[in-house]
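>>> Predicted model follows, preceded by the sequence.
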Amino acid sequence: MRGVTAGSDSVLELLPMVFAAPGEALAGAREVLDGDPTPFRASVAHHVIGIWQRDFGDIRLALHHLRRARDLAARADSAEREADVLGTLGVALVHAGRTRQGLEAFERGIARGTGQTRARVLYRRAYVWWVLGRHPEALEDVRRAIAVLRQADDVIWIARALTLRATVHLALGAVDRADADFTAAERLWETTGQEHDKADAVESRGLAAFRSGDIPVALQLLDEAEEMYAKLATPTFMLTIRRCEVLMSAGLAGEALTHADAAVRLLDGIGGQSTRKAELLLVAARAARLADDPHTAIARAAVAVRLFAAQRRTWWETHARLVLIEARLAAGRASGRLVADAAAVADRLAAFGSPSAPEASLLAGRIALALGWTADAERHLAVAARSRHGGPPLARMTGWAAQALRAQAAGSGRGVLEACRRGLDVLDDHRTTLGASELRARATAQGAELAALAQRASLASGGPRRLLVWSERWRATALSTPPTRPPSDPALLSGLTAFREIAARAEEARMEGHPVPALEREQRRLEREIRSRTLHMRGDAPGEGDRFDPTRLLARLGEGRLVELAVVDGRVHVLLCGDGRVRRFETGLLAEAMAEAEHIQAGLRRLAHPGAEARLPVVEAAGRHLEELLLGDAARHLGSGPVVVVPPGRLHRVPWALLPSLRDRVLSVSPSAGSWLRALDTEPPSGGRHVLVRGPGLATGGAEVPDLADQYGRPTILEHDDAEVPRVLAELDGATLAHIAAHGTFRADSPLFSSLRMADGPLIVHDFERASPAARTASSSPAATRPASRRSARTNSSAWSRRCSPGHGRRHREQRPGQRRGGRPLMLSLHKGLSTGLSLAEALRDARAALPGDAVHQATGWAFSAFGAA
């Protein structure tokens, strides 16, 4: 840093260094001030420290240093220096909530500066226009700035301006223009030494991917940005918060909690800002709540509340209190004090104009109901119910949930069903705008509550058909959660990208206590536009807009039976459809069935070991017990035809073929009766093309693949380096049959991130969201751990089975060598049946029957299931 003290030109080098080597720039500025600097040099040093504090430290210290820099520039009689500082000061003032003063600083800076300096001030004002939601002004200022900066060949500032313009384009939904500017800016950054700016550009691209709905790419880019920041020793706590948001949106709440906790520990280790620590703790609390860990949520939220209170950040404190109350209720700590706390939070949120206010009133009413305080419950629920006719979608859903609880308390079954119907309609109409993790989690939770209330009311006052209709109503809603890849419709992609960008910025502004009306107006406009677009698209999609019709289901079943398992208050109810009617059988507790399924999985794994024959009767006995828990008396009324099982998502571990009444049947599994009906109407691809894929690292080497190649004549075979994700997806497109032998990983926390291992990395379920309808039949060899598509009623992870009519996969998390050996004859027999024209379910039944009777082969046969309209 000794060179910094040589003269005015060298001290100016500290300014770009703030975003190339922030730590060195800060040290250099302090070294300048420790000497006896001229007013000009001292102005630059304070300017550098002000920028550092604004972006990495304390905004109040930033304002102090920037005002000092401005005054010193005036003393130095340098109009250009003063204009440059005024531009930076304007940004800091707006961030501090002093918008009028910030805009005045820009006016003075533009008036004082000329040429290149004025262009840099215009760039900064364009950024502030973007913050304020005034996008036309932002584009105009950045246009004027870029023209001058290009004449001066100012590469660094041109790249910054292009990055900003890309961000404005995102807010306007112009995704292609944004991509073009991001790409141009990235090329320019590669010619500079601005490492922090480069990392910031990658982070911006990650956020852009998130806004456009591409979660896998967003996570990849954020990881890349973090690595770049780490090399600079730059704090990445804001990036951690953003990554947690993306992870929670993908359903990876456990991972988000791990990242947030690690960031808090790192922050404590370096003695970092308590403001950022409080925000990280709030993120951790929300992640813990989503991960069904209420005790951790309580611990994190309680500390966050104390920190926010000490910092006098009342907006943040109140929202942290809401999370704390929710976590305490989830932990079973309902009390009169909790009712009062929820009511107080509701009042505060209403005063802030927060859309979360109805949720707090609903929470107070729900707690009061649990305590039997009907009068108090009615008062709070009535307040929450007011939001059902207006406001954001989540507030309207909250209002209908409150109305349903009021009707339930009043003993009106009809009122409960009407409120539940209206609330779920809101969720269906607006699901594409619920991409943020917090909104999506709350909406899903309230949707589940509405469905549970409706099913309870149906059970009390209606017949089996009504319960079936409501079971299907919720499955249709849950299975239609927003995909994590961008939509293919350009207009919808544009609107969604703009909406997510605007909504995120509007929420950030509210958090800081400085709401931006222009952003909120634009958010409401985009919401209406997206809703109109999605309703139009839904009407155009075959089957998507149809309400479930039990009569149509019964007609299509013929001699077969469909067994839908509905869970009401923890107990399984079998809805047996067939023979022209729907019958209900009450069976066991869901928790007991889940425990038995886990016990059976362990037993199946043990059967893979040599000498485990003695365990076979034990596993079979467990299968009989599980049948009693799940099917009960319904098992005696299945008839002799095919059976379709529609289980709840929490029963994804059940090996259905092990159940005695299902063992020798043509058996398939579907996430819902409605999706099974749609699959029946799906025309398989024509052309007869067969695709065989062999992934890396298989213990058997995918030994059945060569045999299948001989069986199918001239199939497309992808193996070794050819088995890369893009090539596999391209070949699956339009194939009649696909067989994939690969290691796999099932993600119970976020099934859409379940994967099959290809030569170049994982092929995840997300990848099928962007593929055309795939093969009619797909089978994964025993080397796969569990089917990437496997999930029933709670998530959208049936992407594979929705695109494949039917789908087929392996059920175990891990496979033993014996089971791998048992899988080869099963696969060969299965494909032999398929080649003769049998359906997947028929071929699988015959393949099981042809297996030897030893423990390994029997366990292997039970472990496979057919999915879809098989």
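Ah, there it is. Residues are numbered from 1 along each chain as shown.

>>> which stretches of the stretch 501-650 of the chain have low pLDDT?
The stretch 501-650 of the chain contains residues with pLDDT under 70 at 501, 504-505, 507-508, 510-516, 527-528, 530-546.

>>> Would you mark the buried spots in the one helix or strand Ser865 maps to?
Assigned by DSSP states H and E, Ser865 belongs to strand 864-867. In terms of neighbour count (16 or more other C-beta atoms under 10 Å), strand 864-867 has its buried residues at 864-867. In this view, the C-beta of every residue, glycine as well, is placed from N, C-alpha and C.

>>> Need the three-state assignment for Val645.
Three-state assignment for Val645 (DSSP: H, G, I helix; E, B strand; the rest coil): strand.

>>> picking up where we left off before, just the mean pLDDT for the strand holding Ser865, thanks.
Taken as a whole, strand 864-867 has a mean pLDDT of 86.

>>> List every C-alpha atom in that strand, with coordinates, as PDB.
C-alpha atoms of strand 864-867 as PDB (Å, rounded to 0.1, in the frame of the first residue of the first chain):
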ATOM      1  CA  PHE A 864     -40.400 -53.300  -7.800                       C
ATOM      2  CA  SER A 865     -43.600 -51.400  -8.600                       C
ATOM      3  CA  ALA A 866     -45.300 -50.100 -11.800                       C
ATOM      4  CA  PHE A 867     -46.400 -46.500 -11.800                       C
END
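
>>> Now name the helix or strand holding Val618.
helix 616-630.

>>> Any idea how far that helix is from the middle of the chain?
Centre-to-centre, helix 616-630 and its host chain are 37 Å apart (C-alpha atoms, centre = their mean, to the nearest Å).

>>> Mind listing residues that contact it?
With contact meaning C-beta atoms under 8 Å, 6 or more residues apart in numbering, helix 616-630 is reached by 565, 572, 574, 587-589, 592-593, 596-597, 599-600, 603-604, 607, 635, 651, 654-655, 658-662, 855, 858-859, 862.

>>> Report all helices and strands that the strand holding Ser865 contacts.
When contacts are defined as 3 or more C-beta pairs under 8 Å, 6 or more residues apart in numbering; DSSP states H and E, strand 864-867 packs onto strand 667-669, strand 807-810, helix 840-849.

>>> those helices in the stretch 701-850 of the chain, which residues are they?
Listed in chain order, the helices of the stretch 701-850 of the chain (DSSP state H, counting those that start in this stretch) span 704-712, 725-732, 765-769, 799-803, 817-835, 840-849.

>>> Which one, of those, ends up nearest to Ala343?
Comparing the helices of the stretch 701-850 of the chain by their distance to Ala343 (C-beta to C-beta), the top pick is helix 765-769, with 41.7 Å.

>>> For the closest residue in space to Pro715 that isn't next to it in sequence, name its beta-bridge partners.
Distances taken as C-beta to C-beta, 6 or more residues apart in numbering put His690 closest to Pro715, at 3.9 Å, once the chain neighbours are dropped. Counting by DSSP bridges, His690 forms beta bridges with Leu737.

>>> Report the contact partners of His690.
712, 715-716, 735-739.

>>> With Ala518 instead?
132-134.

>>> so how far is Arg75 from it?
Going from Ala518 to Arg75 by C-beta to C-beta, to the nearest Å gives 38 Å.

>>> do the same with Arg414
From Arg414 to Arg75 the distance is 78 Å (C-beta to C-beta).

>>> higher neighbour count, these two?
Ranked by neighbour count (other C-beta atoms under 10 Å), Arg414 and Arg75 place Arg75 first, with 14 against 10.

>>> Setting the sequence-adjacent residues aside, check what's closest to that one.
Using C-beta to C-beta, 6+ apart, the closest residue to Arg75 is Pro39 (4.2 Å).

>>> I'd say that neighbour and Arg70 touch.
No - using C-beta atoms under 8 Å, Pro39 is not in contact with Arg70, being 11.3 Å away.

>>> average pLDDT across the helix or strand containing Tyr123?
Using DSSP H and E, Tyr123 sits within helix 115-131. Mean per-residue pLDDT for helix 115-131: 90.

>>> Equivalent analysis for stretch 703-723, please.
85.

>>> Mind listing what's buried along that stretch?
703-705, 708-709, 711-712, 715-719, 723.

>>> and the nearest residue to Glu724 once chain neighbours are set aside, how many residues sit next to it?
Leaving aside its sequence neighbours, Glu724 sits nearest to Asp760 (C-beta to C-beta, 6+ apart; 4.2 Å). Counted with other C-beta under 10 Å, residues neighbouring Asp760 total 14.

>>> Next up, the contacts around Ile270.
With C-beta under 8 Å, 6+ apart, Ile270 has no contacts at all.

>>> For Leu170, find the nearest of the helices of the stretch 701-850 of the chain.
helix 765-769 (21.0 Å).

>>> neighbour-wise, which of Pro39 and Arg70 wins?
Arg70 (25 against 15).

>>> what about the helix or strand hosting that one, average pLDDT?
Element membership of Arg70 [criterion: DSSP H and E] is helix 59-75. For helix 59-75, mean pLDDT is 90.

>>> What lies in contact with the very next helix or strand once past it?
On the C-terminal side of helix 59-75, the closest following helix or strand by DSSP H and E is helix 79-95. By C-beta under 8 Å, 6+ apart, the surrounding residues in contact with helix 79-95 are 40, 43-44, 47, 50-51, 54, 59, 62-63, 66-67, 69-70, 73-74, 99, 101-103, 105-106, 108-114, 117-118, 120-121, 123-125, 127-128, 131-132.

>>> out of the residues you listed, which are buried?
Buried members of the contacts of helix 79-95, scored by 16+ other C-beta under 10 Å, are 40, 43-44, 47, 50-51, 54, 59, 62-63, 66-67, 69-70, 73-74, 99, 102-103, 105-106, 108-110, 112-113, 117-118, 120-121, 123-125, 127-128, 131-132.

>>> three-state assignment of Val567?
Under the three-state scheme (three-state DSSP), Val567 adopts strand.

>>> One more: Arg547?
Under three-state DSSP, Arg547 comes out as coil.

>>> What's the local residue count around it?
Arg547: 9 neighbours (other C-beta under 10 Å).

>>> Name all residues that make contact with it.
By C-beta under 8 Å, 6+ apart, Arg547 has no neighbours at all.

>>> ditto for Arg60
Ala96.

>>> distance of it from Gly649?
Taking C-beta to C-beta, one finds Arg60 at 49 Å from Gly649.

>>> Just confirm Leu427 is within a helix.
Yes - judged by three-state DSSP, Leu427 forms part of a helix.

>>> Just give me how far the helix holding Tyr123 sits from the chain centre.
That offset, for helix 115-131, works out to 35 Å (C-alpha atoms, centre = their mean).

>>> relative to helix 79-95, how tilted is that helix?
Counting by axes from the mean of the first three to the mean of the last three C-alpha atoms, to 10 degrees, helix 115-131 lies at 10 degrees to helix 79-95.

>>> Which strands and helices lie in contact with helix 115-131?
Short answer (3+ C-beta pairs under 8 Å, 6+ apart): helix 115-131 packs on helix 79-95, helix 99-112, helix 135-151, helix 155-171.

>>> Alright, that wraps it up for me.
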